[in-house]
Structure formats: C-alpha cells, structure tokens
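Student: Next one to model:
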Amino acid sequence: MNSKQSAFFLCILLMFVPLTSLPVAAAGPAAQVVITTPSTSISSDGVLQLDATIYDALNNVVEGEIIWSSSNGTVEDGGLFFPWSAGQVTIRAEHAGFNDTVVVSVEAGWGQSIEIDTTDSPNAKQPFQLQANLLDSHGNPRTGQGVVWSVDGEYVGQGQPFWTPPNLGLYEVVARFDQMEQQVTMEAIAGDPFEFIFEENIVIRSGFGVMLSPALVDSFGQEMNDTLAGAKVWTAENGSITTQGYFFASAPGVWNISIRAGSVYGNGTIRVIPADAAIVSIQILPEQTSYQSGEVYRLDAIRTDSSGYTSPIPVPIGNWTVGNGAVAQVGDEIHWTPGSVGSLTMEVIDSDIVAAKTVSVIHGDAVSTQLVASLPRLSAGIQVALVHEATDAFGNIWQVDGNITKISNDQSTSEIFSSYAMFTPKLTESIRFSATYFDNSTGILHQSEYQEMVEPGRLAFIILPETGTEVPADSFLQFDPDFTDSYG
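Tutor: A predicted model of the protein is given here:
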C-alpha cells in the first residue's frame, strides 16, 4: 500500500471515532475549614449566624457536611448560634478532621429580675456597700446602677450606696428598679475580736467575791460571744481570781485586773471597800428601755449600806454628770431632759463612790416635717428619690411615714411609698409633691411641700436646618442648631 492509500484509509477511520469533550478539573480532597462571622460580640438575648466553607489544597470550594459545636450555648446545623452564659465562647466548625474556631464575646442582655449580692454580711456600725445585679433571661448578671434601696422601709440610697447598720440584728433590705423588686433579710454582725471591756466602777466589799464578765467587742464596740477570742488568762493586782473569772476581794483599794485571750487583751479596775461601806446605783423614773428627747425624767441615787438596806438619797446637782441634754434641781429632785439621739453614760458621786449608768436616747415629738430630694438638681431622665423626714425640738431628724402626693400635672413617672417616693422627670417643667403626717402623740397634723424645676438632660440630638433648604447665591444661611436631650 502506498502513502496516498494509507492517508485515505486513516481519514476513513477518523470519521467513525466518536467525538468526546475534554474533562473539567474536579476539586481535590478537603484540606481546611474556614469560619466567617459578621461579628465577634453579641448580647445573650440575640443570635449570630456563622458560615463555614471547606477548601482543598488549591483553595477550591469542597462540598461537605459541617459539624458545629460550642463551649457554651447551642449552634444549629446551619451555623445559627444561640448564646447562654455571658463571657468568652469558642465556636468550632469541623469536617473530616479539619476544623476552625472563632471566639465570640457574649454580653449580658436586658435585665429581667434583680439579685441582691448577699456574699458578705454587714458589720454593725461599719459602712457596707449595697450591691445588686440585673439578671437577663439566661441569668447573666450586670451591675444595677439605678437601683433604689430601702432598709426596714426607709430609703438609704440609689445605685451602690453605703449603708451603716446602727446595731447588731436583722434588717429587711429591698432593691427596686423599674417594675422589678427583691427583698432579702441581712444580719448585721460584729467584726473581728478587738478587746475586752470591763464594766466601769465595779465596787465590792472586802471579804466578798464577784464574777467578772468583761464584754468582748470589735473595733466599733459591738459585743460578741466572749468565747470567740479563745481561752482566757486572768490576773489581779490584789486578791485572787479563778480561771473562770471569779474574783475574791482582800485589802481595800483600787486594784488593776486584766484578761488575755490570744492576741486580745482587756484591762480594768475594781474598787474594794471596807465591809461596812455604801454602794450607790442610779435609778431613772419612769424607767424605760430608751428615753425620749425633750421629755423630763427624775434621777435618783440609790444607796445600799453594809446590811443590804436600799433607799434613794438626795444628792446635790453638782454631783451629777450627764453626757447629753440638761439637768435641773427642783426641790430635792434632780430632773433630766435628754437631747441628741444616741447612747450616753451618766454618773453620780456619793461619799466618794461613783455610780454610772448607760442609757439610750431616741428622738422626740415632731415639730416640723420636710420632703428632701436625693439629688440637689432635677435632670430629665434621671431617677430621684424624695424622702419624708421629721425634726424634733433638739434638731434630731428621722424618716417618717406620711401621705405623699404628687400635686403637679407633669409628665414624670413616679412611684410613691409610705415614707418616700421615686420619680423620673422627662420634660423641663416644675414638679411638686406634698406630704401630710399626723402625730398621734401630740395630735398635730404636719404638712410639707417640695417643688423644683427640671433641667434638660444629657445632650442627645443636634437639629440643623431641614435638608434641601435653598439659599440664594448672593445671600447666606444662618445656622442656628437646636440642642435637645432624648425627650426633646
């Protein structure tokens, strides 16, 4: 066969070969997973849509199933993330052993309830900061800055105020914010043991004995169980004393006594008098657990002789010392009028023997009432507490229940309680409240009123001339912007 015949035969064969297209290059096996997210911060009330893409070694997209997981919260198959707890959450996307992670910051959402912080117990007579958190729907806390506080029904502050319990004991603490409220019982306790305090003016006759019971107190004088300091060691300058603190008097005189328990000490004196000497005490008539400022009471010095007979005796007014109020002599009687509220110690001297008595003074009858705001100025959008207070003749001030009424027709939101009110101004207008209080002990109806002008709140908008305003070429436009708060 010659060359021309071979070429013709080859052309015939090519006519019968089926025509096929060249193959397109397919993606290779998965080599990496990449997460994309519109944000790395989210509120616990919201959701976040994440996407994950699978690539081969040449960055070609590979189809495949993505397995989602998270350290907190839940992620749907499509990458929709539902947060739970506030904090840093790691979200993982995985395919065939390859994975990618992204860290999302979850912040607490809108408060749904109040939780008062009861981690620590307050110490009596020491400032204690009241704190509360606003909990979102998942229980995540955020600090409650605008919370209004009351203790035993009396307003004590707003936000995170410091409150000083006046005494040891239980207190009803209430936190309020908008329509939310929580009430807890807090116990004011004493602080760490600080010192032992002996009773003053201990007097005993020679040859007799007495059980010593010094008080164990903290640095603010709050008494606690005397066993909290540990085992006690006693010493006496004269006479003898047992390990339990029972003192046996010997020679007359004023003798030093001391007690030690670990690092806590206490020192005092005891007066030993001859067996036939008198003992003096103070009696207040009428006797009460506390004495009212402005009222008049009779003071008696009570003498007990060596045979145990007891009787009031006349003592000159110069032998009396009171730490509060005034004393006056009326005939043979000594009259005492308490003044300022608090604790005081009075003394009387009879035949060189000193007797002392510690009493508590409470406020007297109200001579006036007033409504006092928690803030010196009113600003739109800022919540204010208005407290109803009474004042007695000695200037003692206390919070008192009354009938509080808002008498102005303003746009503020308000909530009224027995002894205080809360309100939030909105517009620059005058706000007025009135209060009445009927004193059952005197039969007097007291009235008070509060009025204040609301100032604009914080700057929220700057309003310029309307868009599209036309100005002639040979004229000018005077910019006179309006500055307003969020209430206009």
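Student: roughly how far is the longest strand along the chain from the heart of the chain?
Tutor: Residue-count comparison of every strand in the chain, with assignments taken from DSSP state E, identifies strand 444-455 as the longest. Distance of strand 444-455 from the chain centroid (Cα atoms, centre = their mean, to the nearest Å) equals 28 Å.
Student: Determine the set of other helices and strands touching that strand.
Tutor: strand 368-373, strand 378-379, strand 384-391, strand 430-439 (3 or more Cβ pairs under 8 Å, 6 or more residues apart in numbering; DSSP states H and E). C-beta: built from backbone N, CA, C; applies to glycine.
Student: Neighbours of residue 368, how many?
Tutor: 14 (other Cβ atoms under 10 Å).
Student: Tell me who's in contact with it.
Tutor: Listed by Cβ atoms under 8 Å, 6 or more residues apart in numbering, the contact partners of residue 368 are 390, 391, 446, 448.
Student: how near is residue 412 to residue 428?
Tutor: Residue 412 sits 11 Å away from residue 428, taking Cβ to Cβ, to the nearest Å as the criterion.
Student: I misspoke; the intended subject was residue 393.
Tutor: According to Cβ to Cβ, residue 393 and residue 428 sit 40 Å apart.
Student: related to what we said a few turns ago, which of the helices and strands packed on strand 444-455 has the lowest mean pLDDT?
Tutor: With a mean of 89, strand 378-379 has the lowest mean pLDDT of the helices and strands packed on strand 444-455.
Student: That strand pairs with which strands, and in what direction?
Tutor: Note on strand 378-379: by DSSP bridges, its sheet partners are strand 444-455 (parallel).
Student: May I see the buried residues of the strand it pairs with?
Tutor: Of the residues in strand 444-455, 446, 448, 450, 452, 454 count as buried by neighbour count, 16 or more other Cβ atoms under 10 Å.
Student: now swap in stretch 348-359 and tell me
Tutor: The neighbour-count criterion (16+ other Cβ under 10 Å) identifies 348, 349, 350, 353, 355, 357, 359 as the buried residues of stretch 348-359.
Student: and if you look at stretch 376-383?
Tutor: If you call a residue buried by 16+ other Cβ under 10 Å, then stretch 376-383 has these buried ones: 378, 380, 382, 383.
Student: what's the offset of that stretch from the middle of its chain?
Tutor: A distance of 22 Å separates the C-alpha centroid of stretch 376-383 from that of its chain, computed with Cα atoms, centre = their mean.
Student: What's the end-to-end length of it?
Tutor: Its first and final residues considered, stretch 376-383 spans 12 Å by Cα to Cα, to the nearest Å.
Student: Same check on stretch 371-379?
Tutor: Chord length of stretch 371-379, first to last residue, is 18 Å (Cα to Cα).
Student: hmm, who's touching it?
Tutor: Residues beyond stretch 371-379 that count as contacts (Cβ under 8 Å, 6+ apart) turn out to be 155, 157-158, 382, 384-389, 404, 425, 431, 433-435, 448-450, 452-458.
Student: if I look at residue 210, how far off is residue 241?
Tutor: Using Cβ to Cβ, one gets 10 Å for the distance from residue 210 to residue 241.
Student: and for those two, which residues touch both?
Tutor: When contacts are counted by Cβ under 8 Å, 6+ apart, residue 210 and residue 241 have residue 247 as shared neighbours.
Student: so how far is stretch 67-82 off the chain centroid?
Tutor: Its chain's average C-alpha position is 39 Å from that of stretch 67-82, according to Cα atoms, centre = their mean.
Student: For residue 227, find the nearest of the helices and strands packed on strand 444-455.
Tutor: Each of these was scored for nearness to residue 227 using Cβ to Cβ, and the closest is strand 384-391 (41.7 Å).
Student: Just list the residues touching the residue positioned nearest the centre of the chain, thanks.
Tutor: Nearest to the mean C-alpha position of the chain, counting by Cα atoms, centre = their mean, stands residue 130 at 0.7 Å. Residues in contact with residue 130 (Cβ under 8 Å, 6+ apart) are 116, 149, 156, 157, 160, 161, 162, 163, 173, 175.
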